[in-house]
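Sequence and predicted structure are below.
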Amino acid sequence: MTDTHYDVIVVGTGAGGGTLAHRLAPTGKRILLLERGGYLPRERDNWDSTAVFVKGKYRAPEFWFDKHGDPFPPEVNYYVGGNTKFFGAALFRLRPEDFGELRHHDGISPAWPLRYDELEPYYTQAEHLYRVHGRHGEDPTEGAAGAQYAYPPVQHEPRIQRLSDDLEKQGLHPFHLPIGVDLTQDGRGGAAHGSACIRCDRVDGFPCLLGAKSDAQVICVDPALAHANVELVTHADVRRLETDPGGRSVTKVVATVGDGSTAEFRADIVVVACGAVNSAVLLLRSANDRHPRGLANSSDVVGRHYMRHNNLALMAISREPNDTTFQKTLALNDWYLGSDDWDHPLGGIQMLGKSDSAQIHGEAPRWAGAVTPDMPFEVIAHHAVDFWLCGEDLPVAGNRVNLDRDGGIHLALDEKNNIAGLQRLRHKLQGMLGHLGMHEHHLLSHSIYLHKGMPIGATAHQAGTVRFGTDPRASALDVHCKAHDLDNLYVVDTSFFPSIGAVNPSLTAIANALRVGDHIAERLR
């Protein structure tokens, strides 16, 4: 394979790289996918809370370093499909306002070099491709949609329907959470005969044993590989990109492959999609005489402006049992851009997957004294209602990825960046608990979803380290996500985000990969 010259090499198979390969597969051009990991093993532990959350069986066995030089295990997974193998498949569009400049309590969220309406057709395509279930028009903060979702919303189970009704009684606008699953519902909302998805409680944070979650491997990589012109090399850890003597084109992709040897691959166009941290690392590690600060880094922005959202996973205790199985069906954005008592954005509220007893016991040491003795953990699990609060963090230059002399990855992060809105969002939820049938004084931190309470380790929503823009002095990529400094290098994961908004970033990465895919296909013609 090292003697073969490809039209396009894509490094990474997640939401960005996998989707791009799918878009380019019908062109007939020779496409090579390089994936650091292999296929995720299909085994019972895929759906075991202790294995997935408590022991972290599928997380990469590596450590990064914080700004103090202390090691921490990041929340990353190296498999075909990337981190989408474990995402909750909540596939939101950014709001139209997110594409413009937004003033927050702690600073400015910068404008994007394209507008919402320029990305909108690709949002629609992305929703249809990734089998997103939802209903446009329910959420008053969303932008105009060129077409309705191709799949109806996942129906609420009784306890969540009552929650939705109670929120509406408060004058709010709950809506069906847009989620990517291969589900056919019967008349009562259950999984119909023949449905791939069975409406289980393993969607959020677990890989799907049935291939019924819309991850990048299932939706894009496997179908792309059905084309004879598309190849995949697994266990290919790309170590550096080499350029021609003038430094204008990438000429080699150098990787360590499964047997420990080094292999070199060549292509006319090279696309990096390793995740926001590892894409920046690869570019920095590829420094040479022509690019002494790393590839695409004449602006010195590569690795900077790291974002990961300000998140809270919280568990309320319902007065009545919560027998919900598939809980991830509801969201609320009424305070996304502000509130009657706050002029700045707060963020959004979503449902999480339903807690089980193993997760509750995993949290037990952190909850000591927070619950009464007459509420044992088994009762908590049966009455738990789980929420995810998401607020925007700002692209600060000092929040950055860097390398030490030994190649160790360092991640500097200000964990209190723009958290005032998220704190107010929590108070909004706390103040409503009594009206929502919950115990008012039991809103517990559910840190098992946030890397055991270590904010820097929770890297699931990482973005922003190779930002795009129109000014080469302030951005690494142009509006097509091609490096300003090189003729044939693109980046299509969430690295390109100049800001992150307050919704899950995956759908925007997918839509952008489709957009860039069209640009590259035209270039190849």
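Structure's in. What do you need?

in stretch 254-273, what's buried?
If you call a residue buried by 16 or more other C-beta atoms under 10 Å, then stretch 254-273 has these buried ones: 255, 257, 263, 265-273. For the C-beta atoms, the positions are set from N, CA and C on the backbone; glycine is no exception.

what's the span of it from first residue to last?
When the termini of stretch 254-273 are compared using C-alpha to C-alpha, to the nearest Å, they are 15 Å apart.

mind checking how far that stretch is from the chain centre?
Computed by C-alpha atoms, centre = their mean, to the nearest Å, the chain-centroid distance of stretch 254-273 equals 25 Å.

now stretch 231-247
Between the mean C-alpha point of stretch 231-247 and the mean C-alpha point of its chain there is a distance of 24 Å (C-alpha atoms, centre = their mean).

pull the CA atoms of it into CSV?
Only the C-alpha atoms of stretch 231-247 are listed here, as CSV (Å, rounded to 0.1, in the frame of the first residue of the first chain):
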residue,chain,number,x,y,z
GLU,A,231,-9.6,1.8,1.5
LEU,A,232,-9.1,1.8,5.3
VAL,A,233,-6.0,1.1,7.3
THR,A,234,-6.7,0.5,11.0
HIS,A,235,-4.1,0.8,13.8
ALA,A,236,-2.3,3.5,11.7
ASP,A,237,-1.1,6.1,14.2
VAL,A,238,-0.1,9.1,12.1
ARG,A,239,3.0,10.7,13.6
ARG,A,240,3.8,13.5,11.2
LEU,A,241,3.1,15.1,7.9
GLU,A,242,6.0,16.0,5.6
THR,A,243,6.1,18.7,3.0
ASP,A,244,7.9,19.5,-0.2
PRO,A,245,11.1,21.6,0.1
GLY,A,246,9.1,24.8,-0.5
GLY,A,247,6.7,23.9,2.3
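
now that stretch: mean pLDDT?
For stretch 231-247, mean pLDDT rounds to 98.

possible to save the buried residues of stretch 254-273 as CSV with distance to residue 495, secondary structure and pLDDT?
Formatted as CSV, those follow (distance: C-beta to C-beta, whole Å; DSSP: H, G, I helix; E, B strand; the rest coil; pLDDT from 0 to 100):
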residue, distance to residue 495, secondary structure, pLDDT
255, 19, strand, 98
257, 24, coil, 96
263, 24, strand, 96
265, 21, strand, 97
266, 23, strand, 97
267, 20, strand, 98
268, 22, strand, 98
269, 17, strand, 98
270, 14, strand, 98
271, 12, strand, 98
272, 8, strand, 98
273, 8, coil, 98
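
so which of those would you say is closest to residue 220?
Distance to residue 220 across the buried residues of stretch 254-273 (C-beta to C-beta) is lowest for residue 273, with 11.6 Å.

Chain neighbours aside, what residue packs nearest to that closest one?
In space, not counting the residues next to it along the chain, residue 273 is nearest to residue 17; the distance is 3.2 Å by C-beta to C-beta, 6 or more residues apart in numbering.

what do you get for residue 428?
Nearest in space to residue 428, with sequence neighbours left out and distances taken as C-beta to C-beta, 6+ apart, is residue 335 at 6.1 Å.

show me the contacts for that neighbour.
Contacts were defined as C-beta atoms under 8 Å, 6 or more residues apart in numbering; by that measure residue 335 touches 342, 345-348, 424-425, 428.

name the helices or strands packed onto the one helix or strand residue 279 maps to?
With elements delineated by DSSP states H and E, residue 279 resides in helix 276-285, which encompasses its position. When contacts are defined as 3 or more C-beta pairs under 8 Å, 6 or more residues apart in numbering; DSSP states H and E, helix 276-285 sits against strand 237-243, strand 262-272, strand 400-403, strand 409-412.

6 Å instead, please
In terms of contact count using 3 or more C-beta pairs under 6 Å, 6 or more residues apart in numbering; DSSP states H and E, helix 276-285 is assigned the packing partners strand 400-403.

So what are the sheet partners of the strand it packs on and their directions?
Paired neighbours of strand 400-403 in the sheet (DSSP bridges): strand 409-412 (antiparallel).

List the neighbours of the strand it pairs with that are in contact with it.
With C-beta atoms under 6 Å, 6 or more residues apart in numbering as the test, strand 409-412 has contacts from 64-65, 67, 281, 400-402.

so what's residue 64 closest to, chain neighbours aside?
Nearest to residue 64 is residue 409, by C-beta to C-beta, 6+ apart, at 4.4 Å.

Tell me the spacing between the one you found and residue 63.
Using C-beta to C-beta, to the nearest Å, residue 409 is found at 9 Å from residue 63.

More neighbours: which of those two?
Neighbours per residue (other C-beta atoms under 10 Å) separate residue 409 from residue 63, with residue 409 holding more: 20 against 12.

List the beta-bridge partners for the more buried one.
Each beta-bridge partner of residue 409 is listed here, defined by DSSP bridges: residue 403.

which secondary element of the chain has the worst mean pLDDT?
The helix or strand of the chain with the poorest confidence is helix 357-363; it has a mean of 75 (mean pLDDT, DSSP states H and E).

State which helix of this protein is the longest.
If you go by DSSP state H, the chain has its longest helix at helix 506-524.
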